[in-house]
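Student: Give me coordinates for this.
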Amino acid sequence: MGRNNPPELSESELRRQLLERRRADRARRLQRFSQDGELAASQAAAAEPPQGDPLNGPQVHPAPGLRLASGGPSRLDRTLLVVEILAVLGLVYIFFNGLSVLDNLNKELSAAFQLGGEASAAPIIGPVVLPSGHTPPGQSGAARPNEAEIPEHLRPQMQAYLASLQAPTPGPEQALGIRIERIGVNAPVVLGDDWEALKRGVGQHIGSANPGQTGNLVLSGHNDIYGEVFRHLDELQPGDEIVIFTASRTYTYKIVETRIVAPTAVEVLAPTPQATLTLISCYPYRVDTQRIVVIGELSSN
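Tutor: Below you'll find the predicted structure:
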């Protein structure tokens, strides 16, 4: 029997048959892979690279709802930029507003200084007569403060001065007693020299120096009422000693001068550059139209 020779095919027909055969082979392989589960494993391996792959490295997945920034600025970037601009503008406003407030304050202070220079000085409230003044005993009844020796135009100032006095809290250096051997004085010293204070003994003028201190220690007492503690001041001589007691020390002053002055000679109350003692009482005895002033200087303590 003779061999059958295949029919001769054209080139295009041969290509078409080869293509159909390849498609058929591919369909068979896919069917086999699907049956064996190899297709699913191959697709999973292709979709996810193995973890820990040193070539691919860790995979970063954006959180849901977030989009990676593209070429232009995001809404958050624009919001932050607006906030930064507003903050800078606020700082600039605060700076220039502060300069304006400071300038206005300087102008107000300058105007106040000018007004203060033009205003008249307020009168200084102080004593206008020396302490211990009173009417002589036996005239028109009991002795009383002698308001007649205060100039009429100065009486309001004297009233304001007396109202402004406030006795400080007694301290350990305040004078507590006085002793003058030559005239037999040994009396307590209280703080203040108004009418009520001098009823209790010798009074220390408020604001005067304490014993032993630099300044003028002023002590006043009556000469013809309430014990006549300073009746004999006119008998003292320069060099006589006056001893002042405090809670902790004793101070000795020596007399250097005696004066007879008018009740308005308040300059004897003024502070001094050295430790000075000034004793004041009415004079003459039972006339009381003047003041006797005895001045001493600190000798020892």
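Student: C-alpha coordinates for stretch 95-106, PDB please?
Tutor: Output of stretch 95-106 as PDB, limited to C-alpha atoms (Å, rounded to 0.1, in the frame of the first residue of the first chain):
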ATOM      1  CA  PHE A  95       5.200  94.900  68.800                       C
ATOM      2  CA  PHE A  96       3.900  98.200  67.300                       C
ATOM      3  CA  ASN A  97       1.000  98.500  69.700                       C
ATOM      4  CA  GLY A  98       3.500  98.100  72.600                       C
ATOM      5  CA  LEU A  99       5.600 100.900  71.200                       C
ATOM      6  CA  SER A 100       2.500 103.100  70.900                       C
ATOM      7  CA  VAL A 101       1.500 102.400  74.500                       C
ATOM      8  CA  LEU A 102       5.000 103.200  75.800                       C
ATOM      9  CA  ASP A 103       5.100 106.400  73.800                       C
ATOM     10  CA  ASN A 104       1.800 107.500  75.300                       C
ATOM     11  CA  LEU A 105       2.900 106.600  78.800                       C
ATOM     12  CA  ASN A 106       6.100 108.700  78.400                       C
END
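Student: Could you point out which residue ranges in the stretch 201-301 of the chain have low pLDDT?
Tutor: 301 (pLDDT under 70).
Student: What strand or helix carries Asn186?
Tutor: Using DSSP states H and E, Asn186 sits within strand 185-191.
Student: try Leu277
Tutor: strand 275-283.
Student: Pull out the buried residues from the helix or strand just after the strand holding Asn186.
Tutor: The first helix or strand that comes after strand 185-191 along the chain, using DSSP H and E, is strand 202-204. Residues of strand 202-204 classed as buried: Val202, Gly203, Gln204 (neighbour count, 16 or more other Cβ atoms under 10 Å). C-beta coordinates here come from the backbone N, C-alpha and C atoms, glycine included.
Student: circling back: pull the CA atoms of the strand holding Asn186 into CSV?
Tutor: Output of strand 185-191 as CSV, limited to C-alpha atoms (Å, rounded to 0.1, in the frame of the first residue of the first chain):
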residue,chain,number,x,y,z
VAL,A,185,14.6,115.1,139.2
ASN,A,186,13.9,111.4,138.9
ALA,A,187,10.9,110.9,136.7
PRO,A,188,9.4,108.5,134.1
VAL,A,189,9.5,109.3,130.4
VAL,A,190,6.4,108.6,128.2
LEU,A,191,6.1,108.7,124.4
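Student: Show me the strands paired with it, marking each as parallel or antiparallel.
Tutor: Partner strands and pairing direction for strand 185-191 (DSSP bridges) are strand 177-180 (antiparallel), strand 202-204 (parallel).
Student: avg pLDDT for that strand?
Tutor: For strand 185-191, mean pLDDT rounds to 96.
Student: tell me the angle it makes with strand 275-283.
Tutor: Angle of strand 185-191 versus strand 275-283, following axes from the mean of the first three to the mean of the last three Cα atoms, to 10 degrees, is 100 degrees.
Student: Start at 42, not 1
Tutor: With 42 as the first residue, the last one maps to strand 226-232.
Student: In strand 226-232, which residues are buried?
Tutor: Val226, Ala228, Val230, Val231, Leu232.
Student: before we move on, what about stretch 303-319?
Tutor: Pro304, Ala306, Leu310, Ala316, Thr317, Leu318, Thr319.
Student: Show me the contact partners of that stretch.
Tutor: 167-171, 174, 187, 190, 192, 246, 249-250, 253-260, 283, 285, 294, 300, 302, 321, 330-332, 334-339 (Cβ atoms under 8 Å, 6 or more residues apart in numbering).
Student: ChimeraX command for the buried members of the residues you listed?
Tutor: Selection of buried members from the contacts of stretch 303-319 for ChimeraX, criterion 16+ other Cβ under 10 Å:
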select :168,169,170,171,174,187,190,246,249,250,253,256,257,258,259,260,283,285,294,302,321,331,332,334,335,336,337,339
